[in-house]
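In: Build me a model from this:
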Amino acid sequence: ANALPSVPTAVANFNNRAYFACGQSLPYTDVLDPLTRTNSTQALTIGDTSILTALAGLPIQTTSSGVVAALVAFKAFQTWQVTGDPVGGTLAQNFISITVGCSSPRSIAQSPLGVYFASFASPMMIDQFGILRAITHSLRETEPDVRAPWQNAVVPSRIAGGYTGNVYRLCMETIINGQDVTNDYWFDENKRRWTGPHSFAYDCVSQLGNFFVLSSNAFPAKLFKSEPLPSSTSTYLDNGSAITSTEQSSTFPKTQDMEMNQVVESTIELASNGSTVSYNITAQDDLGNTLNSCQISILPSGGLWGSAVWGGFAWASSQNKPTTYTVPWTAPLVFNKMSIYITASATTALALGTFFARYKKLGYMNVR
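Out: Residues are numbered from 1 along each chain as shown. Reported below is the predicted structural model:
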């Protein structure tokens, strides 16, 4: 008898009722009957005339009544919170923010710490106290660590996000340094840091058990398994192709002088759990030009008893134990600032540690 006022853009379960996002209106159904709305007054009007873009549930921690449920209603530049229920007269709405919202409904993901989502300027979250905050490396900080991908997102409504274990991840088409790219970013809740961009582009992501299930328009009719934590059975393939793992440091040193530097001797911590791994190491200047490159190969797997000649093979540990190796540069590195670029085929044996370098001041300034 009381149809929805328009085709809904979102629906969520809250207190056993279905709440629908219809423009600026939030009509809701009867309890445990998502197809019936007995009274036409069963609706809330949320904020101004801008449309609702997404709905998400949130457990709210209070000092007086413990944990209660709330429904978060997003607009492009507003965030509202609905609590209570019509039965008992406790249904209420309050704004969380009238300047920050979400235009990326598929980026919303629930976690034990709250609700993650992508805003127009940075990744955000609403914690269990209903506080809207940027995702930062420290809860004492207010400025997000990464902003450019979200600010330059090509189609914000297509940003795909998901959460499992302790990882929140997002994939989007964006503009980085003038280049149109599709990147995948991971946020580790425990270490409070971002990793990426990862190379696999996907359009949908969902949590299943302790891993993600991905789908990509680039590879139709396929589902991909992505594990945030490796296991003994993990494989490192990108649609059947071997993955090359890449790590690049920031430029260094950040010293308070203007002299050029020279490095002849340097070491790096590497490890392997018994598999043969070759690390390709390149030193680059601050413009990305190659200063020198070399390769370090980790010991191969140990031989089986009775199948190898004693003294003709090297023992290898089944554990990842960092070992310091000399970096065999073929020429001195002369630079003002440099970075280390390392690549290797991705395996379970891959492990990198700290890079050390012995500097010499050359007594002259920047040659540019």
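In: Now do the residue nearest the centre of the chain, the pLDDT please.
Out: For the chain, the residue nearest the mean C-alpha position is W186 (1.6 Å; C-alpha atoms, centre = their mean). On the pLDDT scale, W186 is placed at 95.
In: Can you tell me how far the closest residue to D285 other than its chain neighbours is from P328?
Out: Nearest non-adjacent residue to D285, counting by C-beta to C-beta, 6 or more residues apart in numbering: F335, 5.1 Å away. In short, each C-beta sits where N, CA and C put it, glycine included. According to C-beta to C-beta, to the nearest Å, F335 stands 18 Å off from P328.
In: all helices of the chain, in order?
Out: 148-151 (DSSP state H).
In: so where's it uncertain?
Out: 60-67, 273-275, 299-308, 312-320, 367-368 (pLDDT under 70).
In: Wait, the residue nearest to the centre of the chain touches R169, no?
Out: Yes - W186 lies in contact with R169 (C-beta atoms under 8 Å); the separation is 4.7 Å.
In: what about the residue nearest to D285, distance to G178?
Out: 25 Å.
In: With neighbour numbers in mind, choose between the two.
Out: F335 (22 against 6; other C-beta atoms under 10 Å).
In: which residues touch the more buried one?
Out: F335 makes contacts with 260-261, 263, 283, 285-286, 291, as judged by C-beta atoms under 8 Å, 6 or more residues apart in numbering.
In: cutoff 10 Å now
Out: 251-253, 260-263, 283-286, 289, 291, 359, 362 (C-beta atoms under 10 Å, 6 or more residues apart in numbering).
In: In strands only, show me those.
Out: 260-263, 283-285, 291, 359, 362 (DSSP state E).
In: Buried ones among the residues you listed?
Out: 260-261, 263, 283-285, 291, 359 (16 or more other C-beta atoms under 10 Å).
In: now, the most widely separated pair of the residues you listed?
Out: Pairwise distances across these peak at 16.5 Å for Q284 and Y359 (criterion: C-beta to C-beta).
In: Could you check how many residues crowd around the nearest residue to F120 once chain neighbours are set aside?
Out: Closest residue to F120 apart from its sequence neighbours, by C-beta to C-beta, 6+ apart: S103 at 6.3 Å. Neighbours of S103 under the rule other C-beta under 10 Å: 20.
In: Look up how far L132 lies from S103.
Out: Distance from S103 to L132, by C-beta to C-beta: 15 Å.
In: OK, contacts around Q81?
Out: With C-beta under 10 Å, 6+ apart, Q81 has these contacts: 58, 60, 70-73, 92-97, 126, 130, 132.
In: before we move on, what about A201?
Out: With C-beta under 10 Å, 6+ apart, A201 has these contacts: 160, 171-173, 181-184, 214, 216-219.
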